[in-house]
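**Q** Structure of the sequence below:
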Amino acid sequence: MTAVLVAGLVVALLALVALTYNRLVADRNKVADGWAGIDVQLTRRAELVPNLVATVEGARVHEREVTEAVTAARTALVDAEGPARNGVADDLLESALRQLYAVAEAYPDLKTSRNFLALQEELSTLEEDISFARRYYNATVERFNTRQQSFPAMLVAGPLGFSPAEFFKADAADRVAPTAEFGR
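**A** Numbering: from 1, shown residues only. Modelled structure (predicted):
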């Protein structure tokens, strides 16, 4: 009778460990999926930036310093790996794009350019997509990290190699998508 009870407890414990492990794996996969979503949006923005820079350069060649800063920030974003480094690189690109928008404001002929307006609209849409992807990613990271720190999952997570995921952070100034008026 005692052997049956012990065997039943062992089976129940193994089932609990298996269930916890499967939930942790599912959460880890959601975090990876969330990060892939951010990465796709950042890549789309990085691919759009050269077109925006070329449009501004075509209008005013003497504004090289600003366009070079945007190009350097874009390169840093493309080369960055992981949430922390991507967050820093994204902040640099946001700052450089604000400068680029300021240059565009100074030139009425650029503000009315169909190419520039189309690129600005696409970039604005991308900013919304990036914001959504960040929120989704950080929500999945929060759920994954909370599960790892909760009982009984904490007894399984560490020994089976799970570690907390990293949140995608942005500076306070960059938590809001940049706004610019282009004379619409």
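**Q** following the longest helix along the chain, which helix or strand shows up next?
**A** Identified as the longest helix of the chain according to DSSP state H is helix 2-59. Of the helices and strands lying after helix 2-59 in sequence (DSSP states H and E), the nearest is helix 64-79.
**Q** got any ranges where this structure has weak pLDDT?
**A** Flagging of the chain using pLDDT under 70 yields the residue ranges 55-67, 102-115, 170-184.
**Q** Can you tell me how far the residue in it sticking out farthest from the centre is from residue 7?
**A** Distance from the centre of the chain peaks at residue 1, with 56.3 Å (CA atoms, centre = their mean). Separation of residue 1 from residue 7 (CB to CB, to the nearest Å): 11 Å. C-beta here means a position set from N, CA and C on the backbone, and glycine is covered the same way.
**Q** Now do the contacts for the residue farthest from the centre of the chain.
**A** Neighbouring residues of residue 1 by CB atoms under 8 Å, 6 or more residues apart in numbering: there are none.
**Q** same deal with residue 26?
**A** Residues in contact with residue 26 (CB under 8 Å, 6+ apart): none are found.
**Q** how far away is it from residue 14?
**A** Following CB to CB, the distance that separates residue 26 from residue 14 is 19 Å.
**Q** The closest residue to residue 39 other than its chain neighbours - how many residues pack around it?
**A** Closest residue to residue 39 apart from its sequence neighbours, by CB to CB, 6 or more residues apart in numbering: residue 86 at 7.6 Å. Residue 86 has 20 neighbours, counted by other CB atoms under 10 Å.
**Q** Pretty sure residue 86 sits against residue 79.
**A** No. With contact defined as CB atoms under 8 Å, residue 86 and residue 79 do not form a contacting pair (9.9 Å).
**Q** Skip the chain neighbours and tell me the closest residue to the residue positioned nearest the centre of the chain.
**A** Against the mean C-alpha coordinate of the chain, by CA atoms, centre = their mean, the closest residue is residue 38 at 3.7 Å. Nearest residue to residue 38, sequence neighbours excluded (CB to CB, 6+ apart): residue 133, at 4.5 Å.
**Q** Who are the contact partners of that neighbour?
**A** Neighbours of residue 133 in contact, by CB under 8 Å, 6+ apart: 34, 37-38, 40-41.
**Q** 10 Å instead?
**A** Neighbouring residues of residue 133 by CB atoms under 10 Å, 6 or more residues apart in numbering: 34-42, 168.
**Q** and of these, the nearest to residue 124?
**A** Of all these, residue 41 has the smallest distance to residue 124: 12.9 Å, by CB to CB.
**Q** Tell me how many other residues crowd the closest one.
**A** Residues near residue 41, counting by other CB under 10 Å, number 19.
**Q** Distance check, it against residue 151.
**A** 36 Å.
**Q** and what of residue 130?
**A** According to CB to CB, residue 130 stands 36 Å off from residue 151.
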